[in-house]
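[1] Provided below are the primary sequence and the corresponding predicted coordinates.
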Amino acid sequence: MQFTHGKLRLFFGILVFLGSMGSACENSSPVPATDWVFRSGTSFGMCLGPCRQETTWTADRMVFEVFTSSGRGGANPIRSEFSEQTAQSFWREAVGLFQASQWTSLEPVQGCPDCADGGAEWIEWSDGSKTHRVTFEYGSTLKGHEKFVNLMREEREKLRKKYVPDSF
């Protein structure tokens, strides 16, 4: 096949177009940050049973911890740990929703967590060099971070139902 000047220009034009499409697709897909760690949990001060739960996610592992108290105030809780591979769909979504600079600008305590035993919820992010935890009232959300908070909450709830099905 012989290329004329016009066909050659068309051929290179198509190559440039396809190359730009590939890079556009790469940029729109969040790249999982392998050194990030997310922690999210709940606690209730005046509680019997599985009163504190915390989940830690890295790009490849998830650890779900449950602290079960037999006495009010959380004295001498029994710790249970469950571990599994982090779902990559969850990790991609979490990394895609998370905005580190906005997160680290939040005050560490929002509202009145665990006041009158309404419970507390927290989300913590670390990149290996800095860590920022935000604690807030159980069931509430953080303005500007609603989708991220709901994602963390939904994942914790799935784990709670899977590993502690008889709890609240």
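    On my side now, so go ahead.

[2] going forward, measure contacts between C-alpha atoms and count neighbours the same way
    Noted.

[3] Thought Q53 was touching R39, still the case?
    No: the pair R39 and Q53 fails to qualify as a contact (Cα atoms under 8 Å) at a distance of 10.5 Å.

[4] Between these two, tell me which one has more neighbours.
    Q53 (22 against 19; other Cα atoms under 10 Å).

[5] isn't the more buried one right up against V63?
    No: Q53 is beyond contact range of V63, at 10.6 Å (criterion: Cα under 8 Å).

[6] any common contacting residues for those two?
    Common neighbours of Q53 and V63 are not found (criterion: Cα atoms under 8 Å, 6 or more residues apart in numbering).

[7] Show residues contacting the helix or strand hosting C51.
    C51 is part of strand 49-57, with elements assigned from DSSP states H and E. When contacts are defined by Cα under 8 Å, 6+ apart, strand 49-57 is touched by residues 37-45, 62-70, 74, 86, 156, 167.

[8] and with 6 Å instead?
    The contact list for strand 49-57 (Cα atoms under 6 Å, 6 or more residues apart in numbering) reads 37-44, 62-69.

[9] S129: which of those is nearest?
    In terms of Cα to Cα, no member of the contacts of strand 49-57 lies closer to S129 than V37, at 11.0 Å.

[10] Can you get me a residue count around that closest one?
    The burial count assigned to V37 is 18, neighbours taken as other Cα under 10 Å.
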